[in-house]
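Let me see the structure of the following:
(chains A and B)
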Amino acid sequence: RKEVEQDPGPFNVPEGATVAFNCTYSNSASQSFFWYRQDCRKEPKLLMSVYSSGNEDGRFTAQLNRASQYISLLIRDSKLSDSATYLCVVNHRTFNKFYFGSGTKLNVKP
Amino acid sequence: GAGVSQSPSNKVTEKGKDVELRCDPISGHTALYWYRQSLGQGLEFLIYFQGNSAPDKSGLPSDRFSAERTGGSVSTLTIQRTQQEDSAVYLCASSPSSETQYFGPGTRLLVL
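Next comes the predicted model:
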């Protein structure tokens, strides 16, 4: 079983739409959680960390459900520039290794 | 400040040749990671260095792959006797803690 699983998509949405991605992780000892964004032929870049109480950064909201071992990312008022692949990442602090999901592709259409 | 840098940005080699890929992490970052990403795929962990501890080599796909980190800073990933299936983007990341990673732009390796 993979450490981190994501729906690969693609999610095709119109501008202005709200879209949500989920991700599940297998190791209950995971302690840090992140969403990264990767544009085509570019390196991944940190979008936001995910905190237990949930957190928001502008149009982006991240939530963590430890009991069910899943993480979500909500994007409101989608922009064309949001088109990218979104990677779910978990970290086992004991080992300090980061486990990446294979990514969810988002296409925002005019 | 300067981010993670990698060189070369692109490398084309012939099957059977050895290649060396270089990563310059962000100054002061104690952790350094190597990943590879094949076209359309997710990131595959290769190796992890943390300070002076022995590296975690659990992700290296074969003994043709090796890496070293000199002086706790620059790292070199070496692939011996390259095969066509080694073609991928090799990404390096550094981290000051367990909280986040900063990636370099990657080296695109093509083995003919």
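
Distance of B:Gln41 relative to chain A?
7 Å (C-beta to the nearest C-beta, to the nearest Å). For every residue, glycine as well, the C-beta is placed using N, CA and C.

what about that residue, how many neighbours?
Using other C-beta atoms under 10 Å in any protein chain shown, B:Gln41 has 12 neighbouring residues.

Wait, it touches A:Leu87, no?
No - the pair B:Gln41 / A:Leu87 is not scored as a contact, 11.7 Å apart, by C-beta atoms under 8 Å.

overlap in contacts of those two?
Residues touching both B:Gln41 and A:Leu87 (C-beta atoms under 8 Å, 6 or more residues apart in numbering or on different chains) are A:Ser102.

show me the contacts for the closest residue to B:Arg22 other than its chain neighbours.
Once flanking residues are discounted, B:Arg22 sits nearest to B:Ser7: 4.8 Å by C-beta to C-beta, 6 or more residues apart in numbering or on different chains. B:Ser7 sits next to B:Leu21, B:Arg22, B:Asp24, B:Thr107 when contact means C-beta under 8 Å, 6+ apart.

hang on, the last one packs against B:Val12?
No - B:Thr107 is beyond contact range of B:Val12, at 11.2 Å (criterion: C-beta under 8 Å).

Could you tell me the per-residue confidence at A:Phe33?
Listed pLDDT for A:Phe33 reads 93.

how far away is it from A:Lys2?
Separation of A:Phe33 from A:Lys2 (C-beta to C-beta, to the nearest Å): 16 Å.

Can you check the pLDDT for residue 77?
With no chain named, the answer covers chain A. Looking at A:Asp77, its pLDDT reads 98.

wrong chain, I was asking about chain B
Residue-level pLDDT assigned to B:Leu77 equals 98.

again with A:Thr94
For A:Thr94, the predicted pLDDT is 69.

neighbour-wise, which of A:Phe33 and A:Lys2 wins?
Between A:Phe33 and A:Lys2, A:Phe33 has the larger neighbour count (other C-beta under 10 Å), namely 23 against 13.

so who does the residue lying closest to that one once chain neighbours are set aside touch?
When the adjacent residues along the chain are set aside, A:Phe33 lies closest to A:Val50, with 3.9 Å between them (C-beta to C-beta, 6+ apart). By C-beta under 8 Å, 6+ apart, A:Val50 lies in contact with A:Phe33, A:Phe34, A:Trp35, A:Ala62, A:Gln63, A:Leu64, A:Ile71.
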